[in-house]
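[1] show me the folded form of this:
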Amino acid sequence: MAQGIAGLSREPHGERSAAALQRTGAPPSGRRLRLLHVFPNFNIGGAQVRFASLAAGFGSDVSHSILALRGDYEASEIVPQDAAVTYLSARSCGRLPGRLLAYGRMLAELRPDVLLTYNWGAMEFAFANTFVGRPHLHLEDGFGPEEATRQLRRRVWGRRLALRRCHVLAPSETLRNLALESWGVSPRRLHHVPNGVPSRQRPSTPLETLGLDLPAHRVRVAWSGALRPEKNPVGLLHAFAPLRDRATLLIIGDGPERARVVAAARALELGDSVRLLGARRDARDIVMQCDLLAVSSDTEQMPLVVLEAMDAALPVASFDVGDVRSMLSPENRPFVVGHSTLALTAAIARLVEDPQLRRTVGAANRARATEVYGADSMIRAHRRLLEQLAAGGR
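    Numbering: from 1, shown residues only. Predicted structure coming up:
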């Protein structure tokens with residue numbers, strides 16, 4: 001067993017133990033495609049929600065071992081119960097050389113058909129694999145607050161070194177261009193597969209069952225995401241404040257910015273026009289029962305919550321970040337604005353004041369989501385690429 005890698009964190013659905021898998025490197029059964037996914041964390045977020053959709057779509061002939069380097073597995077709750085998934089855990093291995101050695105040993109023993117690493121937080125595994133040489137797909141979904149406005153030079157060079165021999169998948173056009181122009185990824189190793197969401201016709205959690213006692217005459221504005229600085233939830237409160245008497249803001253999510261959000265809501269005297277619902281597994285159900293979605297992030301790439309709102313026939317008021325403008329229907333693009341609190345207030349206000357406009361824009365978004373961002377095409381594209389890499393495709 002590689003130093004720093006503990007045994008099985010969880011053994012669901014009849015899977016063999018991770019320890020046995022690591023010792024033998026043998027596939028659990030038949031010709032099952034064996035994937036090792038390395039996440040910085042496995043809390044609920046865009047990459048984890050996409051993984052849950054892919055695991056459901058791939059079926060039982062693909063097995064997934066998941067390693068969260070920070071040891072958190074909250075998103076295991078949203079993974080389909082019949083998916084062939086095991087969860088591994090990692091101990092601290094001290095300094096960087098020790099960690100790289102431990103990761104390399106794990107890769108050599110597990111011998112996954114394909115290694116998948118996610119974002120900068122898993123880049124050490126990408127470095128380790130440059131010495132082991134397993135087929136490798138690196139997925140980038142976006143940046144934290146430290147790279148919200150510009151890329152850090154050391155991380156650019158780190159990506160250049162770690163990703164020089166692997167394939168890279170970017171769901172957004174912005175990230176695809178960065179990979180080409182800044183990280184030096186070869187065009188033949190770079191893949192652009194837009195995110196997709198499975199369509200949902202009705203919520204499984206009726207809003208009325210949550211005991212929120214929402215005023216019927218107020219428009220419901222949804223915001224969903226982790227309460228982190230780069231998501232700018234405090235900025236959202238400032239944009240929403242002028243609308244406190246006409247709308248109710250439902251904030252779905254939790255995180256380190258929660259105390260600042262509570263303090264800002266109190267300082268702005270928002271009262272019961274803002275409801276903090278915390279982190280919820282049924283966030284999508286709640287969003288689809290609202291009237292519009294607001295996005296206040298300083299940095300995004302291709303947020304799944306926008307696709308989910310589109311599928312629910314909701315309009316979106318958003319700052320112009322990442323691919324948000326190009327994702328939305330042409331009818332919605334006037335409500336994608338520059339990074340100004342006043343501009344976001346104006347975009348939300350227009351949609352709050354005009355129910356027919358909301359219906360028109362929402363219907364256009366639903367049509368675009370169905371045509372362009374269905375889950376089936378995303379699943380097929382990922383499956384083809386992984387099978388190609390497992391078969392030795394370079």
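[2] and Ala19, what's its pLDDT?
    For Ala19, the model assigns a pLDDT of 34.
[3] I'd like to know how many residues surround His217.
    7 (other C-beta atoms under 10 Å). Every residue, glycine included, has its C-beta placed from N, CA and C.
[4] in this structure Gly338 contacts Val321, no?
    No. Judged on C-beta atoms under 8 Å, Gly338 makes no contact with Val321 at a distance of 10.3 Å.
[5] same drill for these two, tell me which one is more crowded.
    Neighbour count, other C-beta under 10 Å: between Gly338 and Val321, Val321 has more, with 22 against 9.
[6] which SS state does the more buried one fall under?
    coil (DSSP: H, G, I helix; E, B strand; the rest coil).
[7] could you check how far it is from Arg164?
    Note on Val321: its distance to Arg164, by C-beta to C-beta, to the nearest Å, is 29 Å.
[8] ok, now Arg111?
    22 Å.
[9] out of the two, which sits in the busier spot?
    Per other C-beta under 10 Å, whichever of Arg111 and Arg164 has more neighbours is Arg111, with 18 against 14.
[10] need the per-residue pLDDT for the more buried one.
    Arg111 is given a pLDDT of 95.
[11] not counting sequence-adjacent ones, nearest residue to Asn332?
    In space, and not counting its chain neighbours, Asn332 is closest to Val361: 5.0 Å by C-beta to C-beta, 6 or more residues apart in numbering.
[12] correction: Val305
    Excluding the flanking residues, the one nearest Val305 by C-beta to C-beta, 6+ apart is Ser224, at 4.9 Å.
[13] quick check: phi and psi on the one you found?
    The phi/psi pair for Ser224 (degrees, to the nearest 10) reads phi -140, psi 130.
[14] with Ala102 instead?
    phi -60, psi -40.
[15] Glu269 now?
    According to degrees, to the nearest 10, Glu269 has phi 60, psi 50.
[16] how near is it to Val361?
    Distance from Glu269 to Val361, by C-beta to C-beta: 30 Å.
[17] pLDDT score for the residue nearest to Asn332?
    pLDDT, Val361: 98.
[18] need the contact partners of the helix or strand it falls within.
    Element membership for Val361, per DSSP states H and E: helix 355-372. Applying C-beta atoms under 8 Å, 6 or more residues apart in numbering, the contact partners of helix 355-372 are 194, 197, 199, 291-292, 307, 309-316, 328-332, 335, 350-351.
[19] where in the stretch 251-394 of the chain is pLDDT low?
    In the predicted model of the stretch 251-394 of the chain, residues 393-394 satisfy pLDDT under 70.
[20] where do the helices sit along it?
    Along the stretch 251-394 of the chain, the segments classed as helices by DSSP state H, counting those that start in this stretch run 258-267, 283-287, 304-311, 324-327, 341-353, 355-372, 375-390.
[21] may I have the fifth one as PDB, with CA atoms only?
    As requested, the backbone C-alpha atoms of helix 341-353 are provided in PDB (Å, rounded to 0.1, in the frame of the first residue of the first chain):
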ATOM      1  CA  THR A 341     -24.000  46.400  -8.700                       C
ATOM      2  CA  LEU A 342     -26.400  49.000 -10.300                       C
ATOM      3  CA  ALA A 343     -26.400  47.000 -13.600                       C
ATOM      4  CA  LEU A 344     -27.200  43.800 -11.900                       C
ATOM      5  CA  THR A 345     -30.000  45.500  -9.900                       C
ATOM      6  CA  ALA A 346     -31.400  46.800 -13.100                       C
ATOM      7  CA  ALA A 347     -31.300  43.400 -14.800                       C
ATOM      8  CA  ILE A 348     -33.100  41.700 -11.900                       C
ATOM      9  CA  ALA A 349     -35.600  44.600 -11.600                       C
ATOM     10  CA  ARG A 350     -36.700  44.300 -15.200                       C
ATOM     11  CA  LEU A 351     -37.400  40.600 -14.800                       C
ATOM     12  CA  VAL A 352     -39.100  41.100 -11.500                       C
ATOM     13  CA  GLU A 353     -41.400  43.700 -12.900                       C
END
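[22] fine by me, we can end here.
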